[in-house]
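Student: Give me a model of this one.
(2 chains)
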2 protein chains.
Amino acid sequence: MAHALPVSPLALPLPELKEVRGVRLGAAEAGIRYKGRTDLVLAEFVPGTTVAGVFTRSKCPGAPVDWCRDILPTGEARALVVNAGNANVFTGRAGRETCKATAEATALLAGCTPQAVYLASTGVIGEILPHERMTAALPALHEALSATGWEAAARGIMTTDTFPKAAVRTAKLNGTDVLIQGIAKGSGMVAPDMATMLAFVATDAALPAPVLQALLSQGVKTTFNCITVDSDTSTSDMVLLFATGAAANDELSASTQANAEALTDFREALQGVLHDLAQLVIRDGEGATKLMTISVTGAVSDDSAWRVAMAIGNSPLVKTAVAGEDANWGRIVMAVGKCGEPADRDTLSVSIGGVCIARDGTVVPGYDETPVVAHMKGHEIDIAVDLGLGNGTARAWSCDLTHGYIDINGSYRS
Amino acid sequence: MAHALPVSPLALPLPELKEVRGVRLGAAEAGIRYKGRTDLVLAEFVPGTTVAGVFTRSKCPGAPVDWCRDILPTGEARALVVNAGNANVFTGRAGRETCKATAEATALLAGCTPQAVYLASTGVIGEILPHERMTAALPALHEALSATGWEAAARGIMTTDTFPKAAVRTAKLNGTDVLIQGIAKGSGMVAPDMATMLAFVATDAALPAPVLQALLSQGVKTTFNCITVDSDTSTSDMVLLFATGAAANDELSASTQANAEALTDFREALQGVLHDLAQLVIRDGEGATKLMTISVTGAVSDDSAWRVAMAIGNSPLVKTAVAGEDANWGRIVMAVGKCGEPADRDTLSVSIGGVCIARDGTVVPGYDETPVVAHMKGHEIDIAVDLGLGNGTARAWSCDLTHGYIDINGSYRS
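Tutor: Residues are numbered from 1 along each chain as shown, chains lettered A, B, ... in the order given. The predicted structure follows:
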């Protein structure tokens, strides 16, 4: 079972979690799939909370993704319900009815419309998600909601995750101190495309929904969209960002641009939270023992650099070499060569652990593998590629491909 | 070491190999990387032999790929030299000099120009390939060439392959019986793009080089370009097709189209050889225990169907599920959804082993998993997806992802 997996050697402890004013949350055992652990999370937001979201680009999205996309244009949120163990994907009419019933039951408890209730599900695809188990568990869970429920929520959304994931930052916004705090889950089927596995971030800042959306959409580009565990994009990817306004900072106009000066500090803090959460997902990549950071420079554009970085991060041969602690730079050359982006063998250079191994179309004269071999034995592997063509850069994160990945995915229907 | 791997459970015995008139070949131990096995193959063709080739689209091709591309426009071939253990890729000036020296030494033996000598290398990337070992071994190898050397050649080009691969067909061409016979190697780093791992096919037919090229380019589209072991495209992919003309069939004009009536039987036989060789590569996929055949219908175009089929065949989650004998059709839905091709959850249907499991956006009412579970226990897994959108179709072949793949690639620098 998922929760019996050994903890990732790349795990980090939870940061010291704060209370985000305007948010109360908690978790309960609804018995949806797992036994003896929480699998249902409820969060309630104060009236006036704005929301932004990004979702999977999968052509076969789950019912909760459709639900959230439909209600997002209002820009308002009062509650969030997340269940683990069943993704409610490819469940047809029954899946849509589960969403409706869950939102209605939650709306009654929170005193809002169902269209202010956000839903997310994660777990097995193609099995009917019985809403009765959730609606039965919701009233007691609602009673017990607390501003200190963040860790419980981080644990309640886990599937094959081996440790809970959270990140926190503070920022000044129009002279007021605000807090940004988020949780995430994700371990396999991770190759986000404009979104990622589930991540939920809340801030007590007051921000109009369009501003929030612009900040989130910009923020995922260099964080969640730059991670991959296995190149497989989930049907359920979702990042939601809630702003309760409880910090009571001066209002910003809805037409404020994401790059506005007034948002600089907030934008950087949000970026930090998204970056931390994305990294934590990779640190819990199924079977992962090494965190790979892939830096690409000298590409014809940032987009091109991103595609090269992701090709390296997705290559099974690069990932198995890293697992085997083999500084097999030839496989990095292969991955650059295959990905269809402009590249020239004779201007390409490859470094591992800060040591330049190959350039000008051949191995560096007198290359001494010793420091690179030592670097490969660590938990954090740095790969840098310069294409020598332009000014495009990107950074991506991946993990190694090990027997653990095969064990988890060849035997557990997740 | 590569040659100590257990033989793939999907292995097939060599077919009864024939002599292709106009071709003599053989293998020798040049001691390039392996010990106690052959690693150098030489084939000599009679004067007048025409040649066609397709090559990797990698932006970082090996020196032998550059060499062959440069000489292909002449359309003539007199010899082929292949070595296993070192791919002569990313070896800069030294790599080019190795090609030149090897071709010159071979040309002296065969009595031709270096520009009629084709070269291929397979093995580790980024290490200098010492041409002295090859040129030292070539004279004795040339002395021993034989029309019956096909099996020796098939074994001599192996790297992580666990069994030798060959295919043979006969055809009528302008009323004359002709033979088509080929060998291939390939096991990992297999995701051909307009070519594949190494494959060499010879026929005694007399065919102008442009006709041969058209037939080969058309033939690889539905064979070598529809297989994948690990989504990693090699820097050394190459398929060469030689026509010795020794069958002395009536001549065809160089402007004959590949789809000409006169070529029907030959074209189909060639297709059969390419199909068999491509399948054999998948049957020897690193760590493979199951051969997956993925049929996609109902796509908006054949190209779109091909991309969907390859997305399924490349998905680590589908491949690990197959390894675990889990009929996890939800992961097939995920792979269809992620690949960016037109798809609609609500018109999609998924079958495994001939049993329709899901359609109309949900699981088939009363779906009985029993026959599907039995099918998953076999060695040949059939996956069929109908997108319900148009008339585009494609078929692709892949293999499962097992501990064996990790063992081979996490510990052996191939």
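Student: Could you give the backbone dihedrals for A:Cys356?
Tutor: The phi and psi values for A:Cys356, taken as degrees, to the nearest 10, are phi -70, psi 120.
Student: That one: what's it in contact with?
Tutor: Applying C-beta atoms under 8 Å, 6 or more residues apart in numbering or on different chains to A:Cys356 gives the contacts A:349-350, A:364. In this view, the C-beta of every residue, glycine as well, is placed from N, C-alpha and C.
Student: Go through those and say which is closest to A:Pro15.
Tutor: Nearest to A:Pro15 among the contacts of A:Cys356, counting by C-beta to C-beta, is A:Val350 at 34.7 Å.
Student: mind checking which helix or strand the closest one is in?
Tutor: Using DSSP states H and E, A:Val350 maps to strand A:349-352.
Student: what about that strand and chain B, any contact?
Tutor: No - using C-beta under 8 Å from any C-beta of the partner chain, strand A:349-352 stays clear of chain B, with a minimum separation of 8.9 Å.
Student: how many neighbours does the residue of the stretch 151-300 of chain A found nearest chain B have?
Tutor: In the stretch 151-300 of chain A, the residue that lies nearest chain B is A:Thr233 (3.7 Å; C-beta to the nearest C-beta). For A:Thr233, the number of neighbouring residues by other C-beta atoms under 10 Å in any protein chain shown comes to 27.
Student: Would you mind measuring from it to B:Val336?
Tutor: 11 Å (C-beta to C-beta, to the nearest Å).
Student: same question, A:Arg133
Tutor: For A:Arg133, the distance to B:Val336 - C-beta to C-beta - is 29 Å.
Student: Give me the more crowded residue out of those two.
Tutor: A count of neighbours by other C-beta under 10 Å puts B:Val336 above the other of A:Arg133 and B:Val336, at 26 against 18.
Student: where's that one relative to A:Arg93, distance?
Tutor: Distance of B:Val336 to A:Arg93, given as C-beta to C-beta: 20 Å.
Student: again with A:Ala87
Tutor: Between A:Ala87 and A:Arg93 the computed distance is 16 Å (C-beta to C-beta).
Student: which residues touch the worst-scoring helix or strand of chain A on mean pLDDT?
Tutor: Scoring the helices and strands of chain A by mean pLDDT, DSSP states H and E places strand A:227-228 at the bottom, with a mean of 84. Applying C-beta under 8 Å, 6+ apart, the external contacts of strand A:227-228 come out as A:190-192, A:196, A:278-279, A:281-282, A:310, A:313-314, A:396-398.
Student: And those residues, which is closest to B:Ala166?
Tutor: Comparing the contacts of strand A:227-228 against B:Ala166 with C-beta to C-beta picks out A:Asn314 as the nearest, at 33.0 Å.
Student: which residues does that closest one contact?
Tutor: A:191, A:228, A:230-231, A:335, A:398, B:231 are the contacts of A:Asn314 under C-beta under 8 Å, 6+ apart.
Student: quick one: strands adjacent to the strand holding A:Val350?
Tutor: Its sheet considered, strand A:349-352 pairs with strand A:355-359 (antiparallel), strand A:380-386 (antiparallel) by DSSP bridges.
Student: any chance of the ones you listed in CSV, plus mean pLDDT?
Tutor: Below are the strands paired with strand A:349-352 laid out as CSV (pLDDT from 0 to 100):
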stretch, mean pLDDT
strand A:355-359, 94
strand A:380-386, 97
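Student: Tabulate these (TSV), appending distance to B:Lys100.
Tutor: TSV is the format used below for the strands paired with strand A:349-352 (distance: least, C-beta to C-beta, whole Å):
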stretch	distance to B:Lys100
strand A:355-359	22
strand A:380-386	29
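Student: between the ones you listed, which one is nearest to A:Leu263?
Tutor: strand A:380-386 (31.3 Å).
Student: low pLDDT regions in the stretch 1-150 of chain A?
Tutor: Applying pLDDT under 70 to the stretch 1-150 of chain A flags the ranges A:1-4.
Student: helix, strand or coil for A:Ser398?
Tutor: The three-state assignment at A:Ser398 reads strand, by DSSP: H, G, I helix; E, B strand; the rest coil.
Student: Which residue is the nearest non-sequential neighbour of it?
Tutor: Distances taken as C-beta to C-beta, 6 or more residues apart in numbering or on different chains put A:Gly313 closest to A:Ser398, at 3.3 Å, once the chain neighbours are dropped.
Student: The one you found - how many residues pack around it?
Tutor: Quick note: A:Gly313 (other C-beta under 10 Å) scores 25 neighbours.
Student: Quick one: classify it as helix, strand or coil.
Tutor: Secondary structure, three-state DSSP: A:Gly313 is helix.
Student: Repeat that for A:Thr106.
Tutor: With three-state DSSP as the basis, A:Thr106 sits in helix.
Student: so it makes contact with A:Ala79?
Tutor: Yes - A:Thr106 is within contact range of A:Ala79, at 5.0 Å (criterion: C-beta atoms under 8 Å).
Student: Overlap of the contact sets of these two?
Tutor: Any residue near both A:Thr106 and A:Ala79 by C-beta under 8 Å, 6+ apart counts here, and that gives A:42, A:117.
Student: domain parsing for chain A?
Tutor: Here the domain parsing of chain A from automatic domain parsing is A:2-283, A:291-411.
Student: Determine which of those domains approaches B:Arg345 most closely.
Tutor: The closest of the domains of chain A to B:Arg345 is domain A:2-283. By C-beta to C-beta, the value is 4.4 Å.
Student: starting at the chain centroid, how far to that closest one?
Tutor: 10 Å (C-alpha atoms, centre = their mean, to the nearest Å).
Student: now swap in stretch A:347-358 and tell me
Tutor: Relative to its chain's centre, stretch A:347-358 lies at 29 Å (C-alpha atoms, centre = their mean).
Student: Now it: buried residues?
Tutor: A:348-353, A:355, A:357-358 (16 or more other C-beta atoms under 10 Å in any protein chain shown).
Student: Now the two most distant members of those.
Tutor: A:Leu348 and A:Gly353 (17.9 Å).
Student: picking that back up, quick one: which of the contacts of strand A:227-228 has the most company?
Tutor: Ranked by neighbour count (other C-beta under 10 Å), these have A:Ser398 at the top, with 32 neighbours.
Student: My guess is that one contacts A:Lys290. True?
Tutor: No - contact criterion C-beta under 8 Å: A:Ser398 and A:Lys290 do not qualify, at 9.2 Å.
Student: what residues does the stretch 51-200 of chain A put near chain B?
Tutor: A:56-61, A:87, A:89-95, A:124-127, A:188-189, A:191, A:193.
Student: Weed out the non-buried ones from these.
Tutor: Buried subset of these (neighbour count, 16+ other C-beta under 10 Å): A:56, A:58-61, A:87, A:89-92, A:94-95, A:124-127, A:188-189, A:191, A:193.
Student: How many residues are close by A:Gly410?
Tutor: A:Gly410 - counted by other C-beta under 10 Å - has 22 other residues nearby.
Student: the inter-axis angle of the helix or strand hosting it versus helix B:403-411?
Tutor: Using DSSP H and E, A:Gly410 maps to helix A:403-411. Using axes from the mean of the first three to the mean of the last three C-alpha atoms, to 10 degrees, one finds that helix A:403-411 and helix B:403-411 are set 170 degrees apart in direction.
Student: For helix A:403-411, list the C-alpha coordinates in PDB.
Tutor: This file holds the C-alpha atoms of helix A:403-411, laid out as PDB (Å, rounded to 0.1, in the frame of the first residue of the first chain):
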ATOM      1  CA  HIS A 403      13.900  -0.300  -8.900                       C
ATOM      2  CA  GLY A 404      11.600   1.500  -6.500                       C
ATOM      3  CA  TYR A 405       9.700   3.100  -9.300                       C
ATOM      4  CA  ILE A 406       9.100  -0.300 -10.900                       C
ATOM      5  CA  ASP A 407       8.100  -1.800  -7.500                       C
ATOM      6  CA  ILE A 408       5.500   1.000  -6.900                       C
ATOM      7  CA  ASN A 409       4.000   1.000 -10.300                       C
ATOM      8  CA  GLY A 410       4.200  -2.600 -11.300                       C
ATOM      9  CA  SER A 411       2.400  -3.800  -8.300                       C
END
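Student: Alright, I will stop here.
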